[in-house]
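>>> Just need the structure, nothing else, for what follows:
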Amino acid sequence: MTAQSRLAARVALAVGAVGGLVVVVAWFGASSSPIVRDQAGWGAVGVAGTFAVIAASILWVVTIRQTVALRAAELRAAIAAGAAYARPAAEASPSTGRREAPPPAAAEADLVAAPTMVHYHRAGCRLAAAKPVERAGRVEHERAGRTPCGVCEP
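Numbering: from 1, shown residues only. Below you'll find the predicted structure:
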């Protein structure tokens, strides 16, 4: 959370608290007065307090959305860095600029999957980490009905 969003959250909290207090005071003021003209005045005060609570709620939601968007961007960057880490053998082709797959012989040696998995993975894939996986070749995995992982792209 940035300093600006912390400040906005505190302002939203303060405005919401003051607005809620104004609504409660207006309710007590209107309920203790038998004269309709006085009750109408307190009703107007209550409406102003309600607007303050609504404004605080909107500010709070906007602040939270900005914070979530910032954290999501950080997470996407971390995932992209992790995906690049998961594919160290892939090199960028000078002619196309795209990543080229490693030679098949090198890729065949480090494919893993567990018997219950639907996909097979590279040995360093985060989706296969800390799982009881076994090494096998691409042909064995495909014979078992597994497809390549979409994250590590073996």
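
>>> okay, and for the chain, where does confidence drop off?
The model of the chain has pLDDT under 70 over residues 1, 83-109, 154.

>>> same for the longest helix that it contains, what does it pack against?
As assigned by DSSP state H, the longest helix anywhere in the chain is helix 36-86. On a contact count with 3 or more Cβ pairs under 8 Å, 6 or more residues apart in numbering; DSSP states H and E, helix 36-86 meets helix 3-31. Just so you know, the C-beta spots here come from the backbone N, C-alpha and C atoms, and that holds for glycine as well.

>>> could you check the angle helix 36-86 makes with the helix it packs on?
With axes from the mean of the first three to the mean of the last three Cα atoms, to 10 degrees defining the directions, helix 3-31 sits at 160 degrees from helix 36-86.

>>> Check which helices and strands helix 3-31 is in contact with.
Applying 3+ Cβ pairs under 8 Å, 6+ apart, we find helix 3-31 packed against helix 36-86.

>>> what's near enough to touch residue 25?
By Cβ atoms under 8 Å, 6 or more residues apart in numbering, the contact set of residue 25 is 45, 49.

>>> what do you get for residue 29?
Contacts of residue 29 by Cβ under 8 Å, 6+ apart are 38, 42, 45.

>>> how close does the residue positioned nearest the centre of the chain get to residue 45?
The residue lying closest to the centre of the chain (Cα atoms, centre = their mean) is residue 72, at 4.6 Å. From residue 72 across to residue 45, the span is 41 Å (Cβ to Cβ, to the nearest Å).

>>> Thanks a lot, see you next time.
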